Structure formats: C-alpha cells, structure tokens
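> how does the following fold in three dimensions:
(chains A, B, C and D)
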Amino acid sequence: MDFKERIYLWEIVKGLWITLRHLVYNLFHQRSMPTLHYPEEQRPMPARYRGRHRLTQRDDGSLKCTACMLCATACPAKCIYIEAQEGLPEGTEKRPQVYNIDMLKCVYCSLCVEACPCDAIRMDTGLMPPPADSREKFIYRIEELTKYPAIKHPNPPFLHRCGKL
Amino acid sequence: METTRRSDPAPHQGPPPEFSRSAVEEINRLKLRYPTNRAVILPALHIAQREFGWISDEVMALVADVVGVPPMDVFRCVGFYTMYHRRPPGKYDVQVCTNISCCLGGARKVLRKVEEKLGIKSGGKTTDGMFSLQEVECLASCGTAPVVRVNDDFIEDLTPDGIEELLEDLANGGELREKQGIHLRGQGAEPVVSKDLMSEGIRGLEGYRKLGGYQQAERAIKTMQPPDVIELVKKSGLRGRGGAGFPAGMKWGFIPKESAKPKYLCVNADEGEPGTFKDREILERTPHRMLEGIVICCWAVGIHTAYIYIRGEFAKGAVSVQKALDEAYRANLLGRNILGTGFNLEVTLHQGAGAYICGEETGLIESLEGKPGQPRIKPPFPAIVGAFGGPTVVNNVETLAFLPAILEKGPEWFVGLGSPKNSGTRIFCVSGHVARPGLYELGMGVPLRTLIYEHCGGMKNANKFKACFPGGSSSPVLTEADLDVRMDFDSLAAAGSMAGSGGVIVVDESACMVCVAERVAGFYHHESCGQCTPCREGTGWLEKILHRFEERTAHKEDLELLVNAAEGMMGRTICVLADAAAMPVLSIVKKFRKEFEEHLSPGKCEGWGD
Amino acid sequence: MPKLTVDGRPVEVEAGQTVMNAAEKLGIEIPRFCYHSKLPVAGNCRMCLVEVEKMPKLTTSCTTPATEGMVVLTKSPKVKEGQKAVLEYLLINHPLDCPVCDKAGECDLQDQYFAFSSTPSRMIDQKVHKPKRIELGPTIKLDQERCVLCTRCVRFLEVYAHDHSLGTVNRGDRAILTVFPGRPLDNIYSLNTVDLCPVGALTSKDFRFKKRVWFLKNADSVCTFCSNQCSTVVQHDEGTIYRILPRENEKVNGPWMCDTGRLEYRFINAEERVKCPMVRRDEGQERTTWREAMEAVGAAFKAAGSRAAGLASPRMTNESLFAFAKLFVETLGSKLAGFVKADAGLVEGAPADDFLIKADKNPNTRGAEEIFAAWGVEVDGARSVLEAAEGGKLAALLVMDQALLERVPNRERWLKALAKVKFVAVASLAENELTRLAHVVLPLASWAEEEGTYTRFDGLVQRSWRAVPPRGEAKDALGLLSQVAVAAGKQALPLVAEAVFKALVAKVRCFGSLTYAAIGKQGAKAGSGAATHKVEIVNLAKDKGAGGAEARTW
Amino acid sequence: MTIEIPYIAAVLKAIAFPVMALNMIPVLVWIERRGSAFIQNRIGPNRANIGSFTFLGLLHPFADAMKFMFKEPFRPENAHPVFYFLAPALVVIPSLMALAVIPIADHVWVQGHEISMSVTELEYGIAYVFAVASIGVLGIAIAGWASNNKYSLLGGIRSTAQMISYELSLGLSVLGVLLIFGTLDLNELARGQGALLWGVLPKWGVFLQPVGFLLFVVACFAEANRLPFDLPEGDSELVAGYHTEYGGFKFSMFFMGEYVSMVTLASLIATLFFGGWQVPWMTTTALDAHLGELGRTLSQIAAFAVKIGFFLWLFIWVRWTLPRFRYDQLMRLGWKVVLPLALVNILVTALVLLLANGF
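This next block holds a predicted model:
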C-alpha cells in the first residue's frame, strides 16, 4: 500500500463516491432495479427448480412408490420416513403405508429424486412449503404429497426410466 | 417357446380318486422289484394315468400314499416328466413331432394342417374333447419323418393330406390304427443285429431260438468265468453305441468285484437323441437279442439285478420287451437259478416318462430311483456309486445286442468288421434330405459319402448336400468338405464332430441353417433338466436369440452374443447337455455365418422349405 | 492328508475334503450359491468354478475332492470368465426388482454380481415369468422368479427338519421351487430357509417389508426361549428390534435356530408391556413414579426384616441371579429365597426335539442352581417360600419375572399362597395374574435390554449384549435389585454386569476363572475338556447313496 | 402575565427538543433503509401501507415502533433483575440529555426577553455534552453484563474499551477549536464562526481546524458505535453484542439511543466545525435586517438542519460503504493515530495562536 492508501481517507472518499453513484443512479432508475415485487411479481421457475416434493401416481391413481426406501437411504437429512406394506394383488409387490417427509429437516438436495428407481418422487411442484405453527404440520404425509400437480414446463424435465417391476 | 408350466394343473372335479384293486396290487408287486419305494413312483404314475386319464393334485397325493413316499417326491416327478398329463387330454392326443428330422420332412406343414383342422394350438384341446394337440420332441421315427403319435400309436411317413384324412376318419368314429413306415433299409456284408430285424417271426422267443438265440448266454454261464467274458469283450473293442463310445469291457472292469451293496445293470433304452431310431427298432423287433446281451453282461460283471429303462414314448417297445421278458422268465432264461446254473438274474422293465436327459447315465439312474432325471455329479462314477447306491453298469441297447454275436464269432471277427480301434458294425440312422432314409448296419469305418450316396441313394430330389449331423443333433455339423470322413468315433472326433448315437441327419441346400440351429436349441431348451445354472438359463437364452434371427429381428451384436452365450455354457455343467446344446449351434454359426448375417436384414426366410 | 496348492499357496487338508474346503482354510474366497458348509453338496449353481491343473474344463470346487499335488487356481482369467458367465446366466431370468426385494443389501446374488461380474446385462429378450408372492406357509412367502434353484432350502429341510414339503418341480428354465399343492410348509425350523436363501426368493412374513436390512444394527445375544441357548444376533434400529437371526456357534446351534426363538422379540416391542411402576390402590393398579414405588417397597422390606422373601427366575442372567441371592442372603439377611423351576410338560408350543429345541424352556436353570447353591440357599428354596407364604409368615416378597408361575404345575396353590403375603412386589415385563395381585409392580427390562451371561445346560457360559434401551421406565434386573437394597436402607449393589460377574466368579466355584473376555462371542466352559454338542455335517455320498433308506424312514 | 416568559420558553424547549430528536428517528431509519437499499441496488422497505398508500415505505419505521411496543417483555432466566432493565434507559436518557445544550439558532427576543434556541445555555456546554454522553457507555456495559450471555458480555467489554480509546480523542480533537474561539459555550462557538476568514471563507472550524475536524468525525463514529466501529454489536461475530438478549421496547431503546446520539454528534460536528446555525456569509444582524427576526431564526434553523442533515447522512452513507474494523485495527487507529494526531493538533494550534496573538 502506498501512502495514499495507507491514510485511508482518499480510499474512503472513493468508496463513498461509488455508493453515492449507486444511490443516485438508482434513485432515478427505480424501474430497472432487479428487485421483484414478490408475491405480485414472480420469476418463472427453472425447469429443474427443486420445490416441494410430489409423489407421482399411476393412471389409476395409485402411488408409483414401491416403498423401496432408496430415497430414505439416500436422504442426507434423514427426513423421509416410510412404512411399507404388502402391495395390492394387481399392483407392485410392495407399497407404502406411511410416507412422511419432514420439511423442517429436508435440505432440498433432491437426492431422493435421483435415488428413486420408479420416478415415484419428484420435486417439480415449484412450491415452497408454506409456514406452519407447529412442527407436526411440517411433516407432509401422502395426502399432502399427492395434492399438488407438477408445474408445466415447455420442455419437461429429465425423466427417469419408469420402473415396471 | 414353451411358457406353460407343467406344475399348473387343471382343477380336479368329482369325488376323490381311488385306485382300483388291481392297480394297488400291481403297485405293491412293483415295490418288490425295487430296493426303494421311491423307484415305484414312475411306474405307479403310469398306472394312475391309465386309471384316471390324467394326474391331478389329488391323484399325486394318492400315488404318494399308495407308494409310501412324501407327496413332494411324486410332484417333482410329475412336474419333470412330460408324459404325465396335468390336465385331461382329448380322446385322441395328437402329438406332432417337430424335431429337426421331422421339420426337414415337412412337420411344420403337418402341424399347421392339424391346427387348422382342429382349430386349436399346441397345448390346446377341442371343445368336444375329442382331440388334444401337443408339439413334442423327437419320437425316434426320424427315418420315417414326419411322424405323429396319436395316443400310443405312431403314424409315420405322414403328409399334410394324410393327417387330414386321419383326423377326419377319427372324428367320424374311425378306429385308430398304427401306420409304421419302413425302418431298416440296408446292411453291410455281415449284419450283426440287423439280420434279426429283416427276418420275420424273430420277435418271439421261439423265432430267436431258431437263429441260435440264448446259446451264447448259456455257453458263457456254463463254460466261461466272468473275467474271461470281460477279457473277451475288451478284446473285441466293443465301444458303447449310446453316444460317448466308451469301451464296454473297460466299463465293466471298473465295477468292484466285491461290493457291500448290490450291483446293478441299467440298460439304457431311453433313446431320445434326435436323429436316432435304432434302439426302438431293436426293442420292438428283437428284444431277445438284447436280453441275451443282458444275461451275458450280468454274468460277466456279477450282477443279479438289471433294469431296462425304456423310453416312455415307446409304448409298443415296452409291450414287446415285457412279452420277451415273460417268455424268458418262463423259459428260465431269467430269474432264479438260470438254466440250473445257480446264477440268479432279475430283469425289470422300467418305463420312463418323457425326458431326454434320462438318456444320460446318471440322469437315468436318478430317474430309475424315482427322482427327476437330474444327472449326478461325477465322481463318484456309477461304476462305484450308481443306482440305489450300488455299483452300476449302464449300457446302451445296441451295445448289449452285439454281445451274443461277439461271443459266438469271437472278438477278432468283430474287430475285422470295423476300422482300427472302432471295431464292429453299427446301425446308422439316416434321416433328413436323403433319397432313402432309414437304418443301415455298416462297418464303423464307412465314409459319409458312401453312406449317403451309395447306401441311401443320394440326396433327396438330387438336391445339393449342405450339412450333416453325423451323430444326433448334439454333434457339430459337417459340411461338404467333410463328406469323406469315416463314420467311426475317432475319425469324426478328428473332424471336429462326434459319432454320438449314430443318428445321421442330412440337410440339403433347401433348408435354412438358422432355422435348423433354432430348432436344435429349442430342443435342448425343452429338455434341460434345470439343475445347473448355465444350462437351465443358457439353453433358453440361446433359443431366444436364435428365434430373433429366425424372425429377422436380431441385431448385429447378437451374432457375437450368440457365440458368447453358447461358449459360456460349455464345460460348466454337471452333465454334457449344455455342451450338446452349444456345440451344434456354435458349429452352425461358424460354418454358416453368412446365413446368419443375411438374417440381419429384413426379408423372408425360406424356413423349412415350406 | 493330501497336500495341494491353491493360488500358489500350499495347504494340507484332511482326506475327503474338497477344494472349496482347502481354499477356505487359506481364507481364499470362492463365490457360491448352492454350497453351504452344513448341507449336503448339490453342485448345481456352478458358481464356485476353479481351474485345476491338468483338468481340461473348469470344475466346481465344492464337488472336487482335494487330492495330493493338486494345483488349483481360483482367480485365473479362465476362472473369472467362468464366474462372469455363470452370473450372467443367473441374471438372465432373475427379476431385477431389488428395490422391492427384502434381500437387497444382504443378497448373495447382488454381492457376487458386484464382486465378480459388474457387467451390464446383454439379455434383451422377454424374461421367463413365474408366480410371485406365493404363501408357502404360515411363516414364509416365496417368489419363484427370484429363486435360483440352489435347493439349499430343500436340502436343509430334508436333512435337519426331516421335512419333505419343499422341492423343485419342472425342468429347464421353467423349473420352480414349490410345495405340494395344498400342503404348506409348516415347520418349526422353516425360517432357517430364509437365512439360507442366497436371493430374495424366500422371505420371512414376519420381517417382510418391515425394514431395509442396511438400516439394521446388530447386537450379539443369546436366545432365551429354551435351555438350548442358541447364539443369536438381535437386529434393531432406533430402539426397536426387527428380527433375530442365529449366530454361528459350533458349540451350540451351528448356524440354525428355531422359528419360535426368532419371533421371541415381539413381546419386547409390544405396546402392552409394563412401562412404569404401578401401585395397588383400592380400585386396582395405578401408575406411579419409581420414587413412590420404591418407598413402598422399602417400607415393606424394612418392616419385614427376616420375614422378607424373594423368588428369582431361571430366565434371569447369572449376574442378576447373583445380585438377587446377594440381596437376600447378605444384604437383607433372609434365607427365604429361591427360583421357580419350570415343568416341561406345561410348556406350550414345540416340545423338545433331537435338533435344537430343549424341553426346559428356561435358559438359565443350571446357572441359577449353581449360584444359589454357592450362596447357601437350599435347592428347593421356592418350596420354603411357598410354605411360608401359605402359613402367612411372609411380610414382604419380591418376585422377579411375572411369567414365573405360568410354567409350574401347582399354579393355583402358588397364587392362593401369594395372596396371603402382606406385601408383594413383582418385577414384570407384562401384566398378568401375578402382577394383578402385586402391591407394587416394577417394570423390568427384557433380556435384549440388559447385559449378562447365561449358563447352558451343558455348562457353557454365554454372553449376551444389550441391544436396545429398556422400554419406558423399565430397569434392568441389576438396577432394580440395587434400588430395592437402597430402599430397604442398605448399601447399593453394583450395577455393572462385568463387575458383578467378577464377584460372581470369585464366589461361585464352578465358574472357574472365567472372564468376559474369555467367554467372548462363542461362549466358554469353566472346566475344559467336556464334550460339546456338535451339528453333524452330512455329505453328499451319504445322502444320495442312501436314497432308498431315506424314503423308507419318512 | 404572572408567568415569566423565560420559564415558559424553557418548558416549551424542554418538551420540543427531545420530541424533535425522537421524531427524527423514524425518518432516519427510513432514510437509512431506503438509502442502503438504493446503494445496494435494492428497493428497500415498501410494503407497509394504509389502504393502498405506502408513503414510499415511511410507514415501516412506525410499524416497527408499534411492534416494539407491543412485543412481549421478557427477561432471560439468569439476567440481572435490575440492571437488565436499567441498561436501556441508561443508554437512551444520556443521549437525549446531551442534546440540551445544542443551539439551533441565535438568540431570539420575545417580549424583551432574550431566549436561547437551545434547551439550556451553559457556559461549559461542550464539557457538559462530553460528560453526559459518556454515561451512555455505562448503559452498554451494564447491558452486556446484566444479560448473562457471553456474547453480550463481549460486546459490553468491547464497548467499554472502545469508549475509553476514543472518548479521549473526541475531547482532544475539539480542543483546537475551543482554543481558537476561546469558549466552551456552544452558542458562543457558533456565533464566533459567523465572521469571515480573509473576507472570503466563513470562519468555520473546519477551515481553521481541518485535522481536528477529521479526528473528531472519526471519534464521533466510534462514539456512536456505527460502522466501521460497530464492534460492540458486531452481528457477524457476537450475534448482536450487548443487546443480544434484548427485545421489544427495551431493544428499541438501544435503537433510539443510537440514533439520538447520532443526532447529537451530528449537531456537535455542525456546531463546532461548520458554524452551527450560521447561514454562511450572513450574520445574524444582516439576516435580522433583511428578513426580520422570525425569518432570520427560521433560516438559521434551516441552515442548521441542512448541516446536521448532511452529517446524519454521512453516518448512514459511511455505514453502507465501509466494512467493520478488526478489533486490533480499531485499537491501533485509536491509540496510535487519532490520539497522537489530536495531541499534535493541539500543540500546533496553541503554538500558532501563541505566535499570532503574541505572548
């Protein structure tokens, strides 16, 4: 640092000048500021945005999930809890009885989606979990996980090979 | 491709089944003929099927109860052997052989005709219950192909018109009559076995006696010591005619002289190799020659119990052999104190129930013991631990039938008939595209060209020769370049093939080798016992890949895959069935690669020339 | 004693041993499906192929006898190629439904595929489909598609359980494993077939879909269902036990175990267990705190003085029994203590057999006898307690294990006598008649929730580790007994099992100089040299050769 | 009239001045938030509304105030029962008290009474400001200690050390000005800066004492605990420093204290170095002549407002420009730079004065 820099003052003035420039510029260009007036204005979700989980269903409305627990195994936050049961005679051998995701624990890494061999879980609702006033309400059960449809994209996100076991 | 499982039965209807008195008595009599109850399962099931028409779950339980074995043992046999009906067959059970020789002879056309006529597919049954249709594997009537078996009767030398007539006749209440073609077509200068086949009236004991029958057996027991007999047979160089060509005398020599457990002789009359139909002829027309061979063998090895394991399909052969046995027993040629010599020999006829693998010696032993015919691990070899735990000799029918003549005329004479180290004559079963298919008893060293062009009258319709299985469908194929090979064990082995059971299947240029390979693979897929992994899974895979070639939906990589899949099976299983499945396919792919490559592009396959 | 070399390393094996045995002796791993050291050899999976010098083809090491001078290669390129081929064939028709297959994670086929093949499938044709989800019997479900037809299960049932209900039917790739129609597999040893199954074909209905195996943690334990004391592994996760598997112990159970023992964990997980102390008030039992309960117990025992008595259970560990005897003889100064022996005739379920199950359903009868004798408690101490109770001479009684009286012949007499006792405290797992007449019920930890040792009927001392924490407020026996001592105004008893065991060894002669380290996982006997129970190895020749005899004896 | 005008005026001033100062807080908060937002290319608070009017986000500070007032008052379990509550008051009261001597215009005459435009006019005014302002640090230290929280305690300790370091410089740096004008009375100081220097420049302290001015501004920042000197709070290191455990109204008192001291310090800077209420180049007499007394007073108030407005803005501006010092840097600056410079500055000033005015 040379002397000019060591006494700071000039540097401080330079700094002040920069911030002032921003201030003044923005004062007169408020419209071009990048801020969005959420929730009135919303940015379109990117195709691979990781929102709330969704359990996909077959055409007949049954869950694609076979309760293989690979998602629960892959989950780094241990937020997925599954209890399996015998499948229906016409369906897969195994199906979930309980499928809970604790949204408070979830880190939205989407490893569960990657681990799923059946394309049974996706994070394509584009939704964030809404606030709730108890921990209990952040545990999403099958009903919540099947409630929301996927957001539509012009180009669908990558699709897994759907396991026909 | 067969997808139905034999274990899936039709539901049982009506009151619980009960055996008739005579059936129970018969079963109880049978129990005395075997050291274990379990061995009675197969015969008992035959009796049950005769009584009830088919084998329901309840019948299985009944059989288990009467025989005195766990029901599972019965179930395993019913599941394993194809001849036990798991659902009621029609009044006429039409079994169309679609193995190679028959297919070469136009069996597909026949099958299509039957399907069209009856309006059912293989495995089906007409609504009126008159006919049921099955596609079956080789019925040992290759020289008279195509063949259809209706119930127990063979209708040979069929044509599509012929089958149509037959079915109409049967449908109109006509009587079922067996129609056999001509089997024996020719013989060399000194026929040994086939001379009987030519002479009428030989079937009975009297006829056989007239030709000097049983004199050699009597001479052996009365004048020769067992080791001398073995020595003589060794000297004659008689090699097993079943397939492997193992010297018979040497095999006998392996049997321990003293054994805590009884020793057994198992006669391998389970002739199942596609292209082979010689034993059937011997069994039906000269059973006494085989019986004499049995007596000689048992004397030589010191055996007192022999079983003739006859193929289930050979109903007529079984009748003929049983008749011969009864005659022999009556004449004290068998049983206790034979001809007053103090030598005891009990011979029992044991019917198989439709499993190619029971032609393998340990598979045969397992089957004889009342188990599924799944080959055993060797060692121990049957000569040490065989049937019912005792030392066991397993010999082919034809091999045994040579014995009386060898004893009569001496080993040197026998050696002179063949080529070096391959002494004697053998019965070649020629089928496929030759002018005169049939049985030919010729010296072992006869060249293939001579066999086809001189004895068999050349190729059918004077077509061009394309390929030939020299020893049944499990032998690698020979091409035109190999036509001069001698048909003995060693020469064929040197030519990269094998003499096998003597079933020579000739293929002319009209046939598609891909289809031939597919058919061969299909047969082994059907017959794999399901024990060893590579064979159980590999045979089916081979068929599926070849099927795709036939359908022209195969990919370029499939050729390599096919070779790979076949090579992977070889030498990695308990018995050689996997090798038998892989070898012909490999040889066909190797020698007719171009045809496979042609099948990669879309087009129409000539298939079986029809 | 043939000498041979395997992978260049010399080894000497006993005559009659196979190449597989020789390789195992050297610690060389050879993959296998059908081979099992305790079963007759079948040699059908063809996975254990090895190359033997001077043999043209690869040969299965499980069937090839080791002979003098043999040179065996287990990792040559030829062998590797063979293993790869066999695995490829195995997987041709094997459904790839690992995600829903319960075996995934402990599946031999999975493991060996990754270890010896790891090549993608070339099979593009339709697989052979077979029935799935078949109820094979009350304990087992079968998936015929997954079955690799190794016949381990069939062989086990035939050889050990003398049960011919399983078998392979049909041939070729249509072959299936099945039972005779309408005759389910119902055998007390049936679940061993699930352990034996190298794939997910046979699955235990009890464990099916309960947990993926990779979540499970293991705790070595001892089965307390009967006095055979099979060595077990308790598999648990998050405080809940999911299954019990046999742990290989040549001296005790080999690798086998009975179904009853396997399902014995259920009562530990049960919701109906006594989870907190209870006190009898006017209208029956009421929940209370440990403090209050112990105050009541303390007051009663203080007042009782030498009229206090105790009943121990031969289901308790050696350590607990020792502490129990110490509590009464030394701390409380009462000689009225004993343990209640079970009467075999009254036990429900399987009677004794010649394989594993023993008549005495209490695991530690011998230990109890030895320890009580060392403390000078009379052999028939329980009878004295009973008589004293009948005479109204007892002021306070501590009963360990509520199930104590369920297996005695004179049960009614006991209950009547106990009703006369002024104060009865019952340490209990569950509620029953005995706890209902108790003044105080104390929640007791189960065998899986405490540490300790058990003495087998033949004198083998086995160690059991704690698998899960006690349910609710339950305490292990050592802790509970110590609390009683403290409540009665005496010195606390030691709480650590190992410390108690040291004291036990010092006091009880017949434990010799055993230590926890010496007992280890396989157990140890105080005196050496005594013959141990051995599971026989049945070889192929014996089985197949004796085909006839086998059918007749059925 | 029975009540004397001066008394009425004193009461009015005593009410008006703190009210004015406190009312500046929401405005300052709004300016700070919106200003920082614009500096950072954001829009800033704009959601609070009455009907559909958001008043450019001005309602947010009021909403905040409401929120602070209605939040649940609580005390951490082990906090000191008395000092915990005392601390916020100790912060906010002295900062309000310091305002008492700041004049916002020259004296006015009401019915013959001369009334100063500060709450009170003290001859030792500047000394009073320093005396009172330094009590504020006690509040911070007590808050840090009484919260029974390690972060709070650290914040309190930091604050104490910082105050010791910079209060000295603060006092020393103004000595030059005081020497020049020879008075401690802030009104006198302002009045003294009405003259012209060399007939061109207003005789403001900043021109006479540029070094003193710089040092004083630096010390002021330190005194106000504002960035780059907000080590007692140090959000990223100490959670929120001394007020970690405070919420609701108590927290808002710390908040108010900070802003009021900003006002005080800005006023001091203006008064000491920028002529206070002086309108440049226009003396009170001249303004009186042109605008009348009311006009003069209003224009002086306006001039003062502009000046302190600028310095308040400077406080905010700097905060969103500079990063926080590291603690050792803070100490080095205080003891090794500011203090020696201030001493040198006094020496030089005194020498110059001595030379200029003769001995």
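
> only C-alpha atoms for contact and neighbour calcs from this point on.
Fine.

> end-to-end on stretch B:90-109?
Counting by Cα to Cα, to the nearest Å, you get 22 Å between the two ends of stretch B:90-109.

> list the buried residues of it.
Neighbour counts over stretch B:90-109 (16 or more other Cα atoms under 10 Å in any protein chain shown) mark B:90-109 as buried.

> for the residue of chain A at minimum distance from chain D, phi and psi?
Closest residue of chain A to chain D, Cα to the nearest Cα: residue A:23 (4.4 Å). The phi/psi pair for residue A:23 (degrees, to the nearest 10) reads phi -60, psi -50.

> if we can go back for a sec, tell me which of the buried residues of stretch B:90-109 fall in strands.
Mapping those onto strands (DSSP state E) picks out B:92, B:93, B:94, B:95, B:96, B:97.

> state the helix or strand in which residue B:250 lies.
Assigned by DSSP states H and E, residue B:250 belongs to helix B:248-253.

> next: residue C:261.
Element membership for residue C:261, per DSSP H and E: helix C:259-262.

> I'd say the residue of chain A closest to chain D and residue D:44 touch.
No. Here residue A:23 does not reach residue D:44: they are 11.9 Å apart, not a contact under Cα atoms under 8 Å.

> any residues of chain A in contact with chain C? List them.
Taking Cα under 8 Å from any Cα of the partner chain as the criterion, chain A approaches chain C at residues A:66-70, A:83-86, A:93-94, A:117, A:165.

> any common contacting residues for residue A:23 and residue D:44?
Both residue A:23 and residue D:44 are contacted by D:36, D:38, under the criterion Cα atoms under 8 Å, 6 or more residues apart in numbering or on different chains.

> more neighbours: these two, which one.
residue A:23 (22 against 18; other Cα atoms under 10 Å in any protein chain shown).

> the more buried one: what's it in contact with?
D:35, D:36, D:38, D:39, D:40, D:41 are the contacts of residue A:23 under Cα under 8 Å, 6+ apart.

> of those, which are in range of chain A?
Applying Cα under 8 Å from any Cα to the contacts of residue A:23, those adjacent to chain A are D:35, D:36, D:38, D:39, D:40, D:41.

> that older thread, so which elements touch the following helix or strand past the helix holding residue B:250?
Proceeding N to C from helix B:248-253, the next assigned helix or strand is strand B:264-269, under DSSP H and E. Helices and strands touching strand B:264-269, by 3 or more Cα pairs under 8 Å, 6 or more residues apart in numbering or on different chains; DSSP states H and E, are strand B:305-310, helix B:361-368, strand B:392-396, helix B:397-409.

> give the buried residues for the last one.
Neighbour-count burial for helix B:397-409, counted by 16+ other Cα under 10 Å, picks out B:397, B:398, B:399, B:400, B:401, B:402, B:403, B:404, B:405, B:406, B:407.

> so how far is that helix off the chain centroid?
20 Å (Cα atoms, centre = their mean, to the nearest Å).

> now do the second one
Here the centre of mass of C-alpha atoms in helix B:361-368, compared against the chain's by Cα atoms, centre = their mean, lies 14 Å away.

> hey, where'd the strands end up in chain A?
According to DSSP E, the strands that chain A contains are A:54-55, A:80-86, A:94-102, A:121-122, A:139-140.

> repeat that for the stretch 51-200 of chain C.
In the stretch 51-200 of chain C, strands defined by DSSP state E, counting those that start in this stretch lie at C:59-60, C:71-73, C:134-135, C:140-142, C:166-169, C:176-179, listed in chain order.

> adding mean neighbour count, write those out as TSV.
Output for the strands of the stretch 51-200 of chain C, formatted as TSV (neighbours: other Cα atoms under 10 Å in any protein chain shown):
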stretch	mean neighbour count
strand C:59-60	24
strand C:71-73	21
strand C:134-135	15
strand C:140-142	23
strand C:166-169	24
strand C:176-179	23
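
> and for residue B:204, the neighbour number?
The burial count for residue B:204: 18, using other Cα under 10 Å.

> now it: how far from chain D?
As judged by Cα to the nearest Cα, to the nearest Å, residue B:204 and chain D stand 113 Å apart.

> list the contacts for the residue in the stretch 51-200 of chain C that chain D sits nearest to?
The nearest approach of the stretch 51-200 of chain C to chain D comes at residue C:105, 46.1 Å away (Cα to the nearest Cα). Residues counted as contacts of residue C:105 (Cα under 8 Å, 6+ apart) are C:212, C:213, C:214.

> nearest spatial neighbour of residue A:43, skipping sequence neighbours?
Spatial nearest neighbour of residue A:43, excluding adjacent residues (Cα to Cα, 6 or more residues apart in numbering or on different chains): residue A:36 at 7.9 Å.

> please report the distance of that neighbour from residue C:402.
70 Å.

> between the two, which is the more surrounded one?
Applying other Cα under 10 Å to residue A:36 and residue C:402 shows that residue C:402 carries more neighbours, namely 22 against 12.

> ok, back up a step: from the buried residues of helix B:397-409, pick the one nearest residue C:495.
For the buried residues of helix B:397-409, the closest approach to residue C:495 (Cα to Cα) belongs to residue B:397, at 81.5 Å.

> tell me where chain A has helices.
With DSSP state H applied, chain A shows helices at A:3-6, A:9-28, A:70-74, A:111-115, A:142-145, listed in chain order.

> make CSV out of those helices and add mean pLDDT.
Shown next, in CSV, are these (pLDDT from 0 to 100):
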stretch, mean pLDDT
helix A:3-6, 76
helix A:9-28, 87
helix A:70-74, 94
helix A:111-115, 93
helix A:142-145, 92
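
> between these, which one is closest to residue C:68.
Closest to residue C:68 of those is helix A:70-74 (Cα to Cα; 50.2 Å).

> and the contacts of that closest one?
Residues outside helix A:70-74 that contact it (Cα under 8 Å, 6+ apart): A:78, A:79, A:80, A:81, A:82, A:111, A:112, A:113, A:115, A:116, C:99.

> check stretch B:97-115 too.
By Cα under 8 Å, 6+ apart, stretch B:97-115 touches B:96, B:121-122, B:133, B:135-139, B:142-143, B:145-149, B:158-160, B:163-164, B:274-275, B:431-433, B:473, B:505, B:507, B:511, B:516, B:519-520, B:523, B:608-610.

> do the same with stretch C:374-390
Contacts with stretch C:374-390, where a contact means Cα under 8 Å, 6+ apart, come from C:309-311, C:325-326, C:329, C:335-340, C:369, C:372-373, C:394, C:414, C:416-418, C:420-421, C:507-509.
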